[in-house]
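Q: Take this sequence and fold it.
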Amino acid sequence: MFHKAIILTGLLATTVLGSPVVANVRNANRLDKPVLSPQLPDLSKGLEANLNFAYGEIARWVTHGYEGNPRTNEVCQSYWKNNHLAWEDLWHFNATYRDCLAMSWNGCFHSKAELDPEDIFQIWGMIPVQMRSYTRHLIVLPAEAENHSSKSSAVWNDRDDIYIKGRPSMHEFLVAVAKSADLHGFPGIKDAYHNTTEWLEAYNKDSAVPSTIAQISQAENIAVHIAIALFDIRVPGGISSVLPGWRDIGNQQKQITKAAHPDLFGLHGAPKSRELQCNVTDRRPNSPWVIL
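A: Below you'll find the model as predicted:
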């Protein structure tokens, strides 16, 4: 189980071109409801204690030593090139889990990253398989900023690719992954669920949003709510045990659990059939391999 230090950074906004968008989003997107007081705490402790780990296998290799032909996937190549990182620091890993034998997660990591592939393997294996199956590549980076001026931890989602910097908390991981669930985890919905009439009606019935992050936009709000729903379903005592004002966001929570894919929160355990072990129909294909 993952027991690294928890650092809640609050940098969870949607991203552009593989870089995190700072949370000062335009006021036009900011929601008009107040934040709960006290607001949502970091949920990592309860999640880590109650989410099951899916065992599997992980392989890792250095890019420049790969069969004498240095290569990487297109997503990792773009990030390394755009941020002027040394190719010698680029490594790769591939993770496969027993609850999802039909697919694997291919990722890259910087040699100086605080989290190594085994750490990521543990974290990803705790995320329910249906939720995990909507993500694609994992890019693991050091906390030190590209200009070497400061250090920070963050995790962000760019079109289902998950970028991890430093040591973000389990809570932050889940909010980032939840943005892919917003896009793919609600049956019959072709757009992001946070744009639907059903979601907006639920939002309008409530008097608050759970956190300052959720207040940034509906995309952030629903991602936080998906993480709350997972906690409420999987952790004894539920969200009422850590969030006194939970009733003020109750309609949004009810709508999440009503409309989400029935396996999104991992209630039914690992299916017996290999074909049913994970839903890959909505997952973007892996980016192609490229020669450096």
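Q: Okay, strands next: where are they in the chain?
A: Secondary structure of the chain by DSSP state E: the strands cover 15-16, 19-20, 56-62, 71-73, 90-97, 105-110, 138-141, 154-158, 161-165, 289-291.
Q: do you know which of these lies nearest I120?
A: strand 138-141 (5.9 Å; Cβ to Cβ). C-betas here are computed from N, CA, C, even on glycine.
Q: chain center to that closest one: distance?
A: 12 Å (Cα atoms, centre = their mean, to the nearest Å).
Q: swap in stretch 70-77?
A: For stretch 70-77, the distance to the chain centre is 21 Å (Cα atoms, centre = their mean).
Q: can I assume D282 is in contact with D182?
A: No: the pair D282 / D182 is not scored as a contact, 11.9 Å apart, by Cβ atoms under 8 Å.
Q: Comparing those two, which shows the higher neighbour count?
A: D182 (27 against 14; other Cβ atoms under 10 Å).
Q: do you know how far the most centrally placed residue in the chain is from D248?
A: Centroid check for the chain by Cα atoms, centre = their mean gives V177 as the closest residue, at 2.1 Å. To D248, V177 is 25 Å away according to Cβ to Cβ, to the nearest Å.
Q: With S241 instead?
A: 16 Å.
Q: Please apply the same query to I127.
A: 27 Å.
Q: more crowded one of the two?
A: The residue with more neighbours, out of I127 and D248, is I127; 23 against 18, by other Cβ under 10 Å.
Q: was I right about that one contacting L51?
A: Yes: if you go by Cβ under 8 Å, I127 and L51 touch, sitting 7.3 Å apart.
Q: And the helices in the stretch 101-250 of the chain?
A: Using DSSP state H, counting those that start in this stretch, the helices of the stretch 101-250 of the chain run over 117-126, 129-132, 170-184, 197-205, 218-234, 250-259.
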